[in-house]
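>>> The following block contains a protein sequence and its predicted model.
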Amino acid sequence: MDLFADDSLLSPIPLEDGDLAWMPQLPLPWTNAEVMARLLRETDWREETVVVYGKRHLQPRLSAWYGDAAYTYSGLRLQPAPFTPLLDTLRKVVETATGHSFNSVLLNLYRNERDSMGMHSDDEPELGPQPAIASLSLGAARTFILKHKYNKKTVRLELTDGSLLLMRGKTQEYWLHGINKMTRTLQARVNLTFRKIV
Ligand SMILES: O=C(O)CCC(=O)C(=O)O
Ligand SMILES: [Fe+2]
């Protein structure tokens with residue numbers, strides 16, 4: 001279901017075989033720093049283990065999954081917790097800004113420049129075809145890298161404090177995305193990806 005959208009604040013970012021839109025500052029009812037501090041404090045952050053080629057590794061970031069349904073992500077079965085009042089408020093703000101409805105959110109905490117996320121597509125079957133995923137960033141800016149699966153073109157976006165990136169259409173089908181480690185010292189960043197499990 002698409003809600004009535006005040007999406008005039010979202011600007012399209014041209015991307016072949018994909019659909020991206022972005023706003024530099026999502027209008028929030030608190031300052032970015034207040035939202036970030038509350039998310040750091042109120043979230044049930046987990047250091048998840050992943051098994052790659054039979055070897056167990058700690059993920060290079062902390063994460064938490066809130067929503068109505070369990071979700072399989074990077075081979076991990078994430079047990080959901082119900083939305084908190086803060087997450088519910090953020091969800092409504094993001095829904096108004098994007099015109100899409102969401103019932104789940106994955107939070108990632110990049111503690112410093114050494115935390116990262118490998119290249120992937122958010123194409124799990126429970127998201128349905130052509131999912132809309134809204135990504136809210138708080139704290140340190142990190143570079144979001146998109147790589148085309150077939151022609152290998154690369155696009156880099158700076159995801160700054162308070163910004164909202166909407167990925168939809170064929171984006172997950174044609175592109176991988178991720179966050180690289182950096183060498184320059186960086187403060188913490190929290191990213192929330194709102195999703196709809198169908
Ligand atoms: O931290 C980011 O901006 C990317 C997060 C992401 O790709 C995900 O949660 O699937
Ligand atoms: Fe992703």
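Structure received. Numbering: from 1, shown residues only. Ligands and ions are numbered 1, 2, ... in the order given.
>>> Dihedrals phi and psi, the residue of the chain most remote from its centre?
Going by Cα atoms, centre = their mean, the residue of the chain most distant from its centre is Gly54, 27.1 Å out. Dihedral pair for Gly54: phi 80, psi 0, per degrees, to the nearest 10.
>>> again with Arg61
phi 180, psi 170.
>>> still on that earlier bit, tell me the contacts of the residue farthest from the centre of the chain?
With contact set as Cβ atoms under 8 Å, 6 or more residues apart in numbering, Gly54 has no partners. Where you see a C-beta, it was placed from the backbone N, CA and C, and this is true even at glycine.
>>> Packing partners of the strand or helix carrying Ile145?
Here Ile145 sits within strand 142-148, counting by DSSP states H and E. In terms of contacts (3 or more Cβ pairs under 8 Å, 6 or more residues apart in numbering; DSSP states H and E), strand 142-148 is packed against strand 154-159, strand 175-179.
>>> Apply 10 Å and report the result again.
Here strand 142-148 touches strand 117-120, strand 154-159, strand 164-168, helix 171-174, strand 175-179, strand 189-195, going by 3 or more Cβ pairs under 10 Å, 6 or more residues apart in numbering; DSSP states H and E.
>>> Now do the buried residues in it.
142, 144-146, 148 (16 or more other Cβ atoms under 10 Å).
>>> And the helices in the protein?
With helices called from DSSP state H, the chain shows them at 32-42, 85-98, 171-174.
>>> In JSON lines, list those helices along with mean pLDDT.
Below are these laid out as JSON lines (pLDDT from 0 to 100):
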{"stretch": "helix 32-42", "mean pLDDT": "98"}
{"stretch": "helix 85-98", "mean pLDDT": "97"}
{"stretch": "helix 171-174", "mean pLDDT": "98"}
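>>> can you list those in TSV and add mean neighbour count?
Formatted as TSV, these follow (neighbours: other Cβ atoms under 10 Å):
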stretch	mean neighbour count
helix 32-42	16
helix 85-98	18
helix 171-174	19
